[in-house]
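Q: Just a sequence and a predicted model for now, questions to come.
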Amino acid sequence: MNKLLLVGMGGFAGAILRYVLSGIVQNMSHSIAFPYGTLVVNMTGCFLMGICYHLVEIQVGMTAEMRLLLMVGLLGSFTTYSTFSGETLQLLQDQRFLAALMNTGVHIVIGLSAVWLGRLAIITIRG
């Protein structure tokens, strides 16, 4: 099956799962002050990514096609935070501590800065 189709199918399912789970959790929390839905989605995605990474490492039932469908498509769409966390853990396991620290710091600092700049750009355009 075409690689793009596998990623797309997983991505479609992951986006829907993210929307549904996040909404359910946020509604159950009765809170508008904290994004519990996003937190649960991200932590669930990290847990599932950990399972997938381990299955790849021990070479049990995780084909290249399944990795594309589950890890890149489904979990990549469900939450990119899980991909970020899995890659950072791999750097730590490879004892590339500086790279892991830089990956974490850059994602946080540049991610927050990019959101701020995006908001600023719209505020500036709207006058």
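A: Alright, I've got the coordinates. Numbers count the residues shown, from 1 in each chain.
Q: Show me the helices in the protein, by range?
A: Applying DSSP state H to the chain gives helices spanning 3-29, 36-57, 64-66, 75-78, 80-93, 97-126.
Q: Turn those helices into JSON lines, columns for mean neighbour count and mean pLDDT.
A: C-beta coordinates here come from the backbone N, C-alpha and C atoms, glycine included. JSON lines is the format used below for the helices of the chain (neighbours: other CB atoms under 10 Å; pLDDT from 0 to 100):
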{"stretch": "helix 3-29", "mean neighbour count": "16", "mean pLDDT": "95"}
{"stretch": "helix 36-57", "mean neighbour count": "17", "mean pLDDT": "86"}
{"stretch": "helix 64-66", "mean neighbour count": "12", "mean pLDDT": "90"}
{"stretch": "helix 75-78", "mean neighbour count": "24", "mean pLDDT": "91"}
{"stretch": "helix 80-93", "mean neighbour count": "17", "mean pLDDT": "87"}
{"stretch": "helix 97-126", "mean neighbour count": "11", "mean pLDDT": "88"}
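Q: so how far is Ala15 from Gly111?
A: Using CB to CB, to the nearest Å, Gly111 is found at 20 Å from Ala15.
Q: er, Tyr53 I mean
A: Using CB to CB, which is the criterion applied here, Tyr53 is 22 Å from Ala15.
Q: Tell me which residues touch Ala99, please.
A: For Ala99, the contacting residues are Leu91, by CB atoms under 8 Å, 6 or more residues apart in numbering.
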